[in-house]
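In: give me a model of this one.
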Amino acid sequence: MAATKKVSVLRGIFHELRFLVYFPVFISLVYGLLRLIGPLFMIVIFDRVLPSRSIPTLVSLLILLVIVYAFMALLDYSRRRILARFGAQFQERVEDKIFGASDRGAYLDKGRGRPASGLYEVDQLRSFFHSGSLVAILDFFWSPLFLVAVFVISPFVGWIVVAGIAVLVLVRAIKDSLDNSRDQRHSEASDRVAELKDTLARSPHVIESHQMTAAFNKRWVLARRRSRDTSVEANDWNAWFSILSRHISRFLPYSVLAAGAYLTISGTMTIGSMVACMRLARLVHGPTERFMKEISDIGEVKTNWRNLDKILSAQQAPTANVSGKTSVHLAQVRVRCPVTKNLLLNNVNLTIPPGSSVSIVGGAGSGKTVLAETLIGRYPRANGKILLEGVDIERLSINDAASTFGYVAQRVDFFAGSIEENITGLEIEPDEQRLVKAAQFAGIHKRIVSLPEGYATRVDAIGSIFSKGERHQIALARALYPDPKVLILDEPDATFRNGLGNELKGKIVRFLKRGGIMIVLTRLPLKNFDSTQRYRLSNGVLTERKIVRIPAD
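Out: Reported below is the predicted structural model:
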């Protein structure tokens, strides 16, 4: 029995919305046919109206032309509105697929090692559908109608039009074959300037406190100068070919006019046909020139489509739910760096029953953060399995993963918004009781309510109004808000490292007694808190398993 062919998610969405594309294509055909009215009007004016000197005929033709062009304007407006709505619906449906993805590993671009959820790609596709680029392509698609009309009037003039198009295509091909290195140099220089801007925005205090201002200024001047020079070079190169193409395009109608004049003098063409051929040549060359300008955008659209299709195709695994108490099992887990391909975790095996607290100690660069992010499915695995109650983590939906794992990263980041939004994960209608409970567990509730606006206080991306310890406490509250089954702390702050207070220690004990799991990854063992399982991580290898028996109460 033949295997069922896998249908592309994007193609499926496009198929559902196909009539919103087919209708503008049909409208473009009608629009193109109506554009033939202009050349036909010229033929009638020059060959019939002027010789007969009939004013009523002229007025009638003019009224008819006004009606036709008004209808054409309506058609043009309609197709643009339809394409805009197609782009909006396409984006909405694709984003629903992205946010409802079952494979959380697809959110990591394995080729570049950075988050790539597809939101950028779908936004670029919507912009393409919404802009005039697609309209230009549709106009080019039907432009052969005008070329056929030229050949009907005069094959000789038709070949001149074809020769003009060939020259434009040749100029474009030469430009594309020669300017890749210039564009690449300009892109690299611009990226460097963007990196320095990001560095200045993220770490201004580091630059100032370590007296890096002068050195940073020198780097900025050099990067900006290189970006400017490569920009000028690329602009000069592109301007030369752009001007050349534009003037060739302007010359082509006159070459058609000259050929038509020659045929008119020879008696094989009328004056009206001569002028109509000139107009038809413009109707052919114009869409062709606009289409060639859109070629680079079309290439980007194809790339974005492939990337988005790849991301969505990786999200087809069936989902599974994890309910009740949860055990964690890692079997032969290996992780490689997405960029260098070096082994970061090597055959990690770990079994954690419900109610366990695990301490994993390791030095800098030992792989603690990689292990933490592999556990939550953020880091792609080269081999092995991570199971929750026998369910692979890749089969968890985004919502299930969020309610299963609570993660406090070594580096705490926020998004610009209120404290409440940061802790509740942007929930539209947050649970106030859970919010306060999570903040109290983390020991940050009193500090928050002491602020003038309390939980409504807005913070920036680095949480500059809080100390480092307070930022970690807010991150802990954020991790606890969904009431997770597994709590992972990567390099916790001094509150954990230097000894837990009785109140916080009691809360953790109650969390474990409910069947929760706490995994702490740190450089030094925790004080005044006995973990039920202890490990050492060195060079990606988990060793020295030690179990501490806690006597029953």
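In: can you map out the strands along the stretch 351-500 of the chain?
Out: 357-361, 383-388, 391-392, 405-408, 417-418, 458-459, 486-490 (DSSP state E, counting those that start in this stretch).
In: elements contacting the fourth one?
Out: It refers to strand 405-408. Applying 3 or more Cβ pairs under 8 Å, 6 or more residues apart in numbering; DSSP states H and E, we find strand 405-408 packed against helix 368-375, helix 468-480, strand 486-490. To be clear about C-beta, it is placed using only N, CA and C from the backbone, and glycine gets the same treatment.
In: of all these, which one is nearest Ser177?
Out: The closest of the helices and strands packed on strand 405-408 to Ser177 is helix 368-375. By Cβ to Cβ, the value is 43.2 Å.
In: which residues are contacting that closest one?
Out: 328, 330, 333, 335, 344-345, 348, 360, 362, 379, 381, 386, 393, 405, 407, 409-410, 486, 488, 490-491, 519, 521-522, 537, 540, 542 (Cβ atoms under 8 Å, 6 or more residues apart in numbering).
In: check stretch 125-144 too.
Out: In contact with stretch 125-144 (Cβ under 8 Å, 6+ apart) are residues 24-25, 28-29, 31-32, 76, 79-80, 83-84, 86-88, 90-91, 94, 283-284, 287-288, 290-291, 293-294, 297-298, 301, 304-305, 308.
In: of the contacts of helix 368-375, grab the buried ones for PyMOL.
Out: To isolate the buried members of these in PyMOL, using 16 or more other Cβ atoms under 10 Å:
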select buried, resi 328+330+333+335+344+345+348+360+362+379+381+386+393+405+407+409+486+488+490+491+519+521+522+537+540+542
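In: among the contacts of helix 368-375, name the ones in helices.
Out: Secondary structure defined by DSSP state H assigns none of these to helices.
In: go ahead and flag the most central residue of the protein.
Out: Tyr120 (1.6 Å; Cα atoms, centre = their mean).
In: for that one, what are its contacts?
Out: Taking Cβ under 8 Å, 6+ apart as the test, what Tyr120 contacts is Asn304.
In: also the one 4 residues further on?
Out: Contacts of Gln124 were listed using Cβ under 8 Å, 6+ apart, and they are 300-301, 304.
In: who does the helix ranked longest in the chain touch, helix- and strand-wise?
Out: Assignment by DSSP H gives helix 213-266 as the longest helix of the chain. Packing partners of helix 213-266 (3+ Cβ pairs under 8 Å, 6+ apart): helix 155-178, helix 180-202, helix 271-293.
In: who does the first one touch, helix- and strand-wise?
Out: When contacts are defined as 3+ Cβ pairs under 8 Å, 6+ apart, helix 155-178 sits against helix 144-153, helix 213-266, helix 271-293.
In: and stretch 285-293, C-alpha only, in PDB?
Out: What follows is stretch 285-293, C-alpha atoms only, in PDB (Å, rounded to 0.1, in the frame of the first residue of the first chain):
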ATOM      1  CA  HIS A 285       8.000  47.200 -21.000                       C
ATOM      2  CA  GLY A 286       6.500  48.800 -17.900                       C
ATOM      3  CA  PRO A 287       5.300  45.600 -16.200                       C
ATOM      4  CA  THR A 288       8.500  43.900 -17.300                       C
ATOM      5  CA  GLU A 289      10.700  46.500 -15.700                       C
ATOM      6  CA  ARG A 290       8.600  46.500 -12.500                       C
ATOM      7  CA  PHE A 291       8.800  42.700 -12.400                       C
ATOM      8  CA  MET A 292      12.600  42.700 -12.600                       C
ATOM      9  CA  LYS A 293      12.700  45.200  -9.700                       C
END
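In: list the buried residues in it.
Out: So for stretch 285-293, counting by 16+ other Cβ under 10 Å, buried means 285-292.
In: what's the answer for stretch 421-432, then?
Out: Applying 16+ other Cβ under 10 Å to stretch 421-432 flags 421-424, 430 as buried.
In: would you point out the helix or strand in the protein whose mean pLDDT is lowest?
Out: Within the chain, no helix or strand scores below strand 114-115, which has a mean of 38 by mean pLDDT, DSSP states H and E.
In: thinking again about what came up before, now the helices and strands packed on helix 155-178 as JSON lines including mean pLDDT and distance to Asp191?
Out: Below are the helices and strands packed on helix 155-178 laid out as JSON lines (pLDDT from 0 to 100; distance: least, Cβ to Cβ, whole Å):
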{"stretch": "helix 144-153", "mean pLDDT": "89", "distance to Asp191": "41"}
{"stretch": "helix 213-266", "mean pLDDT": "81", "distance to Asp191": "9"}
{"stretch": "helix 271-293", "mean pLDDT": "87", "distance to Asp191": "24"}
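In: out of those helices, which one sits most buried?
Out: For the helices and strands packed on helix 155-178, the largest average neighbour count (mean count of other Cβ atoms under 10 Å) is found in helix 271-293, namely a mean of 22.
In: turn the helices and strands packed on helix 213-266 into JSON lines, columns for distance to Ile13.
Out: Output for the helices and strands packed on helix 213-266, formatted as JSON lines (distance: least, Cβ to Cβ, whole Å):
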{"stretch": "helix 155-178", "distance to Ile13": "31"}
{"stretch": "helix 180-202", "distance to Ile13": "31"}
{"stretch": "helix 271-293", "distance to Ile13": "26"}
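In: how much space between Thr264 and Ile153?
Out: Note on Thr264: its distance to Ile153, by Cβ to Cβ, to the nearest Å, is 12 Å.
In: mutual contacts of these two, please.
Out: Ser273.
In: quick check: the residue nearest to the centre of the chain is in a strand.
Out: No: Tyr120: not assigned to a strand; according to DSSP: H, G, I helix; E, B strand; the rest coil it is helix.
In: residue ranges in the stretch 251-400 of the chain under the pLDDT threshold?
Out: Residue ranges of the stretch 251-400 of the chain with pLDDT under 70: 314-324, 397-398.
In: which one of the buried residues of stretch 285-293 is nearest Ser60?
Out: Gly286 (28.6 Å).
In: what sits against that closest one?
Out: Counting by Cβ under 8 Å, 6+ apart, the residues that Gly286 touches are Ser249.
In: then Thr268?
Out: Thr268 sits in contact with Ser154, where contact means Cβ under 8 Å, 6+ apart.
In: on the three-state scheme, it is what?
Out: coil.
In: include distance to Ser464 when you put the buried residues of stretch 285-293 into JSON lines, please.
Out: Listed next are those as JSON lines, based on distance: Cβ to Cβ, whole Å:
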{"residue": "His285", "distance to Ser464": "58"}
{"residue": "Gly286", "distance to Ser464": "54"}
{"residue": "Pro287", "distance to Ser464": "54"}
{"residue": "Thr288", "distance to Ser464": "55"}
{"residue": "Glu289", "distance to Ser464": "52"}
{"residue": "Arg290", "distance to Ser464": "49"}
{"residue": "Phe291", "distance to Ser464": "50"}
{"residue": "Met292", "distance to Ser464": "50"}
